[in-house]
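In: The sequence isn't on hand, but the structure is:
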DNA sequence: ATGAAAGCGCTAACAG
DNA sequence: CTGTTAGCGCTTTCAT
């Protein structure tokens, strides 16, 4: 930087002002250009670390997540990273594969890097408990929530997702709609189910317990559950699967019986796992989880909190859109 | 840090020595403990940025990749990150979704953070051309290579993978083995094919052009290609699909004809895309791409180069193991 | 508009 | 083993 100053024949302060776009300082355009030219010629590259030290502001947010465990994490990261870049912030990604000790250690390292705040992203929607240490900086939860509500959180609107799936099937004329649900203890199952119930109730369709089964969140689980439904005396003409992997198994069960999708049995999934939903034949109509958007919103919320513009501690809910393919 | 020194009744240098484990300086254990205790009590957390400034060493590696585009990237990241952590290095991940301009900008930002080196990871094995700017620091390629061989690279041993798949089928007694290959222009296709050829030749099985088809790298492509093979006058009893998505389509084609896997037709895939290979029914035996290991090795190689222990510019090849499931 | 000077939190060299 | 001193590369205040 000194070199740049000398080359441009100005003071170091001037260089600093130019490089930081401090137009308010009253710098002549001519000076400005000279500095820029000198910097370019010298291949000058500001040292972000030194700047952070001087400004007492790192421009970093820490993102902690189990990155590999689920394919979803990357979409959260993408959303967060894109948004962060727009604000000239950096994302320091720490991946902890669900090991609590590693998690604390990871956050510790992030704090040593003086991240301005933390985004904690889960790969499946659930309640989490963060290490105490996370309280040292503003923290936002993404795709998860704090049981005690001490942290603001961004979660998908699962109930609405359940509604959309059911409504779509209803709109296609179905009245007997089976549901293959996830483990009934998790938030996603509870909420998706309540969406399903709401819509049926609104349409005046009585619940039929036989039509609600739950299974292992795998293709095999979906296959077994779908088999149960299809072998009913009065089988459903449509099946809402609470995730795409189970839908994958359901496809097998349906095809095995010589039935066609969607002609004989319509299917709607949940998650929009590209690899499955797009490549299943026929393509799977499914409800998408808004990962990218949650990442974006997480960064925005964090930035607002850091800027003191938000003290909210509530939960923000993001819409789950229906993606139409060919299974309805 | 000054506070810690005062609290412990020692000099700041002493604190620095203790915190950096400079045992060589001859510090009494008693002093050491006092410092550590004071630090803990005060909740002192070293400022990594300040340290980096003083040491002129950031402890960061930059990892640039198209993170979202492919599900594979995360495994490379995991391998790299785990390995980096072991050496107390940080990974700064920059995701560029194949946009050359964004790529240069991303690298520029990494350089401003004074990363000690760069790891450039591709999501599919191919030749890449890096922005000139990457030459400013040691750079290692992962899952890709430089056409001009100017950067050291780590790539999967595709040929060996092709061999393993073919050998497995041979071992199961098959003599008519079909191949559904990828777009013949890409390295993966060329090498996997050559592995396949080698093994057949070694077994004294003459090539049959009819048995080698290529298709779109999708389930539909696999479906179409498998249909072609199965409708041959003398259809294969086993099919080697050059990726799992195509195997997914092949499954459909096989089942549609009332044939059973592996009883009537055996299938081997490539890529080990969990979501597909594991959930397909029956589970798909497939060749795995060693992403995690490539990430690990990338970091190791980079560290060696930075430490001046390696000046190699060649290409390192990593084994692709066969994962047995139930389709053979 | 500019230059001098202090300081960010830490490391490292050196003389005690 | 301690204390002093001089930076690391940059920002920012303040007087000019």
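Out: Good, I have the coordinates. Since this is a predicted model, take the numbers as computed values, not measurements. Residues are numbered from 1 along each chain as shown, chains lettered A, B, ... in the order given.

In: who touches the spatially most central residue of chain A in this structure?
Out: Centroid check for chain A by CA atoms, centre = their mean gives residue A:291 as the closest residue, at 2.5 Å. The neighbours of residue A:291, taking CB atoms under 8 Å, 6 or more residues apart in numbering or on different chains as the test, are A:72, A:75-76, A:79, A:143. For glycine as for every other residue, the C-beta is placed from the backbone atoms N, C-alpha and C.

In: let's go with 10 Å and repeat that
Out: For residue A:291, the contact set (CB atoms under 10 Å, 6 or more residues apart in numbering or on different chains) comprises A:70-80, A:121, A:123, A:142-143, A:156, A:271-272, A:318, B:68.

In: how near is the closest residue to it other than its chain neighbours to DNA strand C?
Out: Distance criterion CB to CB, 6 or more residues apart in numbering or on different chains; nearest residue to residue A:291, sequence neighbours excluded, is residue A:75 at 3.5 Å. Residue A:75 sits 36 Å away from DNA strand C when distances are taken as CB to the nearest atom of the strand, to the nearest Å.

In: how about the residues of chain A that lie near DNA strand D?
Out: A:1, A:12-13, A:16-17, A:19-20, A:22, A:45-47, A:50-51, A:53-55 (CB under 7 Å from any atom of the strand).

In: what do you get if the cut-off is 6 Å, keeping everything else the same?
Out: Within chain A, the positions lying close to DNA strand D (CB under 6 Å from any atom of the strand) are A:1, A:12-13, A:16, A:19-20, A:46-47, A:50-51, A:53-55.

In: For residue A:140, grab phi and psi.
Out: phi -120, psi 140 (degrees, to the nearest 10).

In: mind checking how far it is from residue A:160?
Out: Using CB to CB, to the nearest Å, residue A:140 is found at 22 Å from residue A:160.

In: between the two, which one's more packed in?
Out: Between residue A:140 and residue A:160, counted using other CB atoms under 10 Å in any protein chain shown, the more crowded position is residue A:140 (28 against 20).

In: can you pull the contacts of the residue lying closest to the more buried one once chain neighbours are set aside?
Out: Spatial nearest neighbour of residue A:140, excluding adjacent residues (CB to CB, 6+ apart): residue A:302 at 4.6 Å. Applying CB under 10 Å, 6+ apart, we find residue A:302 in contact with A:61-63, A:80, A:83-84, A:89, A:116-119, A:137-140, A:142, A:152, A:154, A:310.

In: helix or strand for residue A:302, which one?
Out: helix A:291-306 (DSSP states H and E).

In: Same question for residue A:78.
Out: helix A:73-86.

In: Which elements pack onto that helix?
Out: Counting contacts by 3 or more CB pairs under 10 Å, 6 or more residues apart in numbering or on different chains; DSSP states H and E, helix A:73-86 packs against strand A:60-65, strand A:90-95, strand A:117-128, strand A:139-146, helix A:291-306, helix B:73-86, strand B:90-95, helix B:100-112.

In: The closest residue to DNA strand D within the stretch 201-328 of chain A and residue A:301: what is the separation?
Out: Nearest to DNA strand D, among the residues of the stretch 201-328 of chain A, is residue A:307, at 15.6 Å (CB to the nearest atom of the strand). Distance, residue A:307 to residue A:301, by CB to CB: 11 Å.

In: cool, and residue A:169?
Out: Taking CB to CB, one finds residue A:169 at 34 Å from residue A:301.

In: more neighbours, these two?
Out: Of the pair residue A:169 and residue A:301, residue A:169 is the one with more neighbours under other CB under 10 Å, namely 27 against 23.

In: Could you verify my assumption that the more buried one touches residue A:267?
Out: Yes. Assessed by CB atoms under 10 Å, residue A:169 is found in contact with residue A:267 at 9.1 Å.

In: show me what contacts the residue lying closest to residue A:283 once chain neighbours are set aside?
Out: In this structure, residue A:283 finds its nearest non-sequential neighbour in residue A:325, 3.2 Å apart by CB to CB, 6+ apart. By CB under 10 Å, 6+ apart, residue A:325 lies in contact with A:262, A:267-269, A:272, A:277-278, A:280, A:282-286.

In: Quick check: the farthest pair among those residues?
Out: A:262 and A:272 (17.4 Å; CB to CB).

In: Between these two, point out the one with more neighbours.
Out: It is residue A:272, of residue A:262 and residue A:272, that has more neighbours when counted by other CB under 10 Å, with 25 against 21.

In: Provide a list of residues in contact with the more buried one.
Out: Contacts of residue A:272 by CB under 10 Å, 6+ apart are A:72, A:75, A:243-244, A:278, A:284-291, A:320-323, A:325.

In: Now with 8 Å, please.
Out: Residue A:272 neighbours (CB under 8 Å, 6+ apart): A:244, A:286-289, A:323.

In: now the stretch 151-300 of chain A, which segments are flagged as low pLDDT?
Out: In the prediction, the stretch 151-300 of chain A carries no residues with pLDDT under 70.

In: Number of residues surrounding residue A:16?
Out: Residues near residue A:16, counting by other CB under 10 Å: 18.

In: tell me which strands and helices the helix or strand hosting it is in contact with?
Out: Assigned by DSSP H and E, residue A:16 falls within helix A:12-19. If contacts are counted by 3 or more CB pairs under 8 Å, 6 or more residues apart in numbering or on different chains; DSSP states H and E, helix A:12-19 sits against helix A:2-8, helix A:29-42.

In: Name the nearest residue to residue A:322, sequence neighbours excluded.
Out: In space, residue A:322 comes closest to residue A:164 once its chain neighbours are excluded; the distance is 4.4 Å by CB to CB, 6+ apart.

In: Show me what the helix or strand harbouring that neighbour is in contact with.
Out: Using DSSP H and E, residue A:164 sits within helix A:158-171. With contacts defined as CB under 8 Å, 6+ apart, helix A:158-171 is touched by A:125, A:177, A:187-188, A:191-196, A:198-200, A:203, A:238, A:240, A:266, A:268, A:270, A:285-287, A:289, A:317, A:319-322, A:324, A:328.

In: Downstream of it, the next helix or strand is which one?
Out: With DSSP H and E, the next secondary element past helix A:158-171 is strand A:177-181.

In: does any part of that following strand sit near chain B?
Out: No. Strand A:177-181 does not reach chain B (CB under 8 Å from any CB of the partner chain); its nearest approach is 14.8 Å.
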